[in-house]
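Enquirer: no letters, just coordinates:
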């Protein structure tokens, strides 16, 4: 079946009162961004519904992307026919036949926004239902929870038929809940934390610390590709890379091994805090989950959190590793996350880090370092890029290879 | 020049040569190196593998790069023998396999393996019933080629696969060196087939490169031990320029495959129908669906094959006695011998083998020269 358009029903935002318009505009923008590489599409975000006119684009590919956009309750691909009863009848039978299996029940559900159309909703239901009954022997009508529902909408510009409703991602449109930074290491947890932040409407910017030559170019590219994996949920994401080598070397040489990690994390959080203020981000997200590793105890959080007054939000804090992996697999980041490149969290990891570091000690050891200048130099070296969905950074330099192969 | 010896080797395609030299020049890092040069080379290696897998309709982890058909055949035969020797030491193959298979078998026989060589009928076809009857509880491998390289007979792989469905543990190997791009991919990539071996230079890739399909889950001992390349299955630094070239050659080969196959079959038919009428001609290849579209083997009775080859050569037409491997050794063709063709006739055999670039005009020139030579040789002989 070749679909003409996709009708999108909004999620929670219908309850958002005065902000409704802003929410819908934002969702419209996000949908357009996510579908940026389908040039023929026309996206119309109306008050009740969004209509995505497909023109010559591939409906299935569009729907696949659409399923990822937060703020959508569900959507239905539909076929448009002229306001001509014969056409509607034939299309209705064709669409029901597509799904019909012996013994199934159906109903026709007509809505009419064009009140000039000669038949009203009941007449349409009767007419189409009767025709389907005659054309498909054995099929039965059932009003309450039928197996198949064919929705028919009579509008000024044609009649739209739809036989499927597909669940959307739910949540809130990304960006409607403000903007935050995500500390993105490249492991399993931080992309999941980013996903969950976006689910509740937060637009995120990635901060990635890299320490060449201790970490490789691949580790950086892996973090970028993970960002590209999260981009479909919002369209595009800013990626901020922070050079971290000097800080790590200094911490390694001047701080006792047990506090190495705590102090290092304090540096990361200080930088995240500074960047967030500069970029008008309202919160810092990370992938910490309680008890997973030494740095992820409450004591450790106290010793690290000390350096910022922004909310540090940890969406996966109480999830088990398996639950996090489930989400990572669902959003397609797991396979990438487990690629074995050392990131800056794993290098210089002391053999036995303190699981219960003390805040005063951490402050003391840190105070011996030239904190301000170290941070200033790191921030001077940052690089910001914009990453879109589908971009590739690892290994295959597909474009130059395409010509070779 | 008319080149009708494509089963011996093919000309490297200019596009492939271009890839080969570009990769040699620009992507010369070792795919195993950690740095960016290595990473880039690794990317191309895996992209090439993916392209080949997609073209063959299999998964990329089922494709292994080899140095060509001979290595592939050696690997499957000997690798299976090593891997499965504890389960049995009996192997079934046909009597018309390529020497890469037959001589590997001979080596294994010296090591205590038992090999059943199946006969072929007068057209060069193995019978699936014979395979069935030859199977024993200790059979570990059945190795049958897809297209015979001397007469072009397509072997009944589907029927053999059917037989082997009842023997799921037996490895089924298909030597598809002559079969790629000849419109029978579905046949060679049958579900029951476990290993398929290919050679690059038979489809316009450079020499020294080939690939093997190994079905996921099937076990094979490596023959090349070393640095662990190809998932520890085939060590040795990857021949990346040739691999990328082969991936491209395969793509070019399989683009519009049906039309190319049709054209080759038309040329073959044209020559067949012309020479068939001469009383002293014996045909070994046929036109029906059990023969490949690109190989035509026949004789002018009483004239030695090499005489005909050289006579054609004077007209810049290049063909071959039977297979290139045996033609220089003045041996009687193994396939014709197995088909029970009398030696006197078999030594007269010549082989025309086509590729997708040959034209009907070339075939017309060929038959004009053929007419001339036929008159000349039959006059001398009568």
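Expert: Here it is on my side, so go on. The model shown is predicted, which means the values in this text are computed figures rather than measured ones. Residues are numbered from 1 along each chain as shown, chains lettered A, B, ... in the order given.
Enquirer: the residue in the stretch 1-150 of chain B that chain A sits nearest to: what secondary structure?
Expert: Nearest to chain A in the stretch 1-150 of chain B, going by CB to the nearest CB, is residue B:43, at a distance of 3.7 Å. Every C-beta, even on glycine, is put in place using the N, C-alpha and C of the backbone. For residue B:43, the assignment made with DSSP: H, G, I helix; E, B strand; the rest coil gives helix.
Enquirer: name the helix or strand for residue A:52, please.
Expert: Using DSSP states H and E, residue A:52 maps to strand A:49-53.
Enquirer: ok so residue B:350 is a helix residue?
Expert: No. Under three-state DSSP, residue B:350 sits outside any helix and is assigned strand.
Enquirer: returning to what we had before: for the strand holding residue A:52, the averaged confidence score.
Expert: For strand A:49-53, the mean pLDDT works out to 92.
Enquirer: before we move on, what about stretch B:88-98?
Expert: The pLDDT scores in stretch B:88-98 average 97.
Enquirer: residues touching the residue lying closest to residue B:196 once chain neighbours are set aside, list them.
Expert: Of all residues not flanking residue B:196 in the chain, residue B:213 sits nearest, at 4.2 Å (CB to CB, 6 or more residues apart in numbering or on different chains). Contacts for residue B:213 (CB atoms under 8 Å, 6 or more residues apart in numbering or on different chains) come out as B:56, B:58, B:62, B:63, B:189, B:195, B:196, B:197, B:198.
Enquirer: so residue B:213 lies in a helix, does it not?
Expert: No. Counting by three-state DSSP, residue B:213 is located in no helix; its state is strand.
Enquirer: distance of the residue of the stretch 1-150 of chain B closest to chain A from residue A:105?
Expert: 54 Å (CB to CB, to the nearest Å).
Enquirer: which one of these two has more residues nearby?
Expert: Taking neighbours as other CB atoms under 10 Å in any protein chain shown, residue B:43 and residue A:105 compare with residue B:43 leading, 20 against 15.
Enquirer: surely that one meets residue A:393?
Expert: No. Counting by CB atoms under 8 Å, residue B:43 does not reach residue A:393; the two are 11.0 Å apart.
Enquirer: any idea how far apart the tips of stretch B:195-205 sit?
Expert: One end of stretch B:195-205 sits 21 Å from the other (CA to CA, to the nearest Å).
Enquirer: nearest spatial neighbour of the closest residue to chain B within the stretch 1-150 of chain A, skipping sequence neighbours?
Expert: Relative to chain B, the nearest point of the stretch 1-150 of chain A is residue A:61 (18.4 Å; CB to the nearest CB). Spatial nearest neighbour of residue A:61, excluding adjacent residues (CB to CB, 6+ apart): residue A:38 at 7.6 Å.
Enquirer: contact residues of the stretch 151-300 of chain A facing chain B?
Expert: Residues of the stretch 151-300 of chain A lying close to chain B by CB under 8 Å from any CB of the partner chain are A:216, A:217, A:218.
Enquirer: one step back: next helix or strand past the strand holding residue A:52?
Expert: In N-to-C order, the element after strand A:49-53 by DSSP H and E is helix A:59-66.
Enquirer: rounded mean pLDDT for that following helix, please.
Expert: Helix A:59-66 shows a mean pLDDT of 89.
Enquirer: not counting that helix itself, show me its contacts.
Expert: The contact list for helix A:59-66 (CB under 8 Å, 6+ apart) reads A:2-3, A:6, A:8, A:31, A:34-35, A:38, A:41, A:52, A:54, A:72, A:75, A:77, A:166, A:168, A:232, A:389.
Enquirer: repeat that with 6 Å
Expert: A:3, A:34, A:35, A:77 (CB atoms under 6 Å, 6 or more residues apart in numbering or on different chains).
Enquirer: ditto for stretch B:153-170
Expert: Here stretch B:153-170 makes contact (CB under 6 Å, 6+ apart) with B:123-126, B:128, B:131-132, B:139, B:142, B:144, B:147, B:172, B:187, B:190, B:192, B:290-292.
Enquirer: also stretch B:116-125?
Expert: For stretch B:116-125, the surrounding residues in contact (CB under 6 Å, 6+ apart) are B:92, B:94-96, B:126, B:130, B:134, B:148, B:151, B:153, B:335, B:338-339.
Enquirer: list the residues that contact the residue of chain A positioned farthest from its centre.
Expert: When distances are taken from the C-alpha mean of chain A, residue A:134 lies farthest, 45.6 Å away, according to CA atoms, centre = their mean. By CB under 6 Å, 6+ apart, residue A:134 lies in contact with nothing.
Enquirer: show the pLDDT at residue 39.
Expert: With no chain named, the answer covers chain A. For residue A:39, pLDDT reads 89.
Enquirer: can you look at chain B instead?
Expert: 86.
Enquirer: going by neighbour count, list what's buried in the helix or strand hosting it.
Expert: Element membership of residue B:39, judged by DSSP H and E, is helix B:36-56. Under the neighbour-count criterion of 16 or more other CB atoms under 10 Å in any protein chain shown, helix B:36-56 has B:39-45, B:47-53, B:55-56 buried.
Enquirer: where do the helices sit along the stretch 1-150 of chain A?
Expert: A:20-34, A:59-66, A:85-99, A:121-135 (DSSP state H, counting those that start in this stretch).
Enquirer: picking up where we left off before, so what touches the helix holding residue B:39?
Expert: Taking CB under 6 Å, 6+ apart as the rule, helix B:36-56 contacts A:217, A:395-397, A:401, A:405, B:27, B:29-31, B:59-60, B:63, B:238, B:240, B:243-244, B:247, B:250, B:254.
Enquirer: now those: which count as buried?
Expert: A:217, A:395-397, A:401, A:405, B:27, B:29-31, B:63, B:238, B:240, B:243-244, B:247, B:250, B:254.
Enquirer: what stretches of chain A score poorly on pLDDT?
Expert: Under the criterion pLDDT under 70, the flagged ranges of chain A are A:13-16, A:294-295, A:344-347, A:395-400.
Enquirer: please parse it into its domains.
Expert: A:5-167, A:179-388 (the TED database).
Enquirer: and those domains, which is most packed in?
Expert: The highest mean neighbour count among the domains of chain A, using mean count of other CB atoms under 10 Å in any protein chain shown, belongs to domain A:179-388: a mean of 19.
Enquirer: so how far is it off the chain centroid?
Expert: Averaging C-alpha positions (CA atoms, centre = their mean, to the nearest Å) puts domain A:179-388 19 Å from its chain's average.
Enquirer: now swap in stretch B:338-348 and tell me
Expert: In terms of CA atoms, centre = their mean, the centre of stretch B:338-348 is found 22 Å from the chain centre.
Enquirer: now stretch B:340-358
Expert: Here the centre of stretch B:340-358 is set off from its chain's centre by 16 Å, with CA atoms, centre = their mean.
Enquirer: repeat that for stretch A:136-153.
Expert: For stretch A:136-153, the distance to the chain centre is 35 Å (CA atoms, centre = their mean).
Enquirer: in the contacts of helix A:59-66, find the pair that's most separated.
Expert: A:3 and A:34 (17.9 Å; CB to CB).
Enquirer: could you pull out the strands in chain B for me?
Expert: B:2-3, B:63-66, B:90-94, B:114-118, B:139-145, B:171-175, B:195-199, B:210-214, B:281-283, B:295-300, B:317-318, B:349-353 (DSSP state E).
Enquirer: contact partners for the most centrally placed residue in chain A?
Expert: In chain A, the centroid-proximal residue (CA atoms, centre = their mean) is residue A:233; its distance is 2.7 Å. Counting by CB under 6 Å, 6+ apart, residue A:233 makes contact with A:68, A:198.
Enquirer: where's the residue in the stretch 201-350 of chain A that chain B sits nearest to relative to residue B:45, distance?
Expert: Relative to chain B, the nearest point of the stretch 201-350 of chain A is residue A:217 (5.9 Å; CB to the nearest CB). Noted for residue A:217: a distance of 18 Å to residue B:45, by CB to CB.
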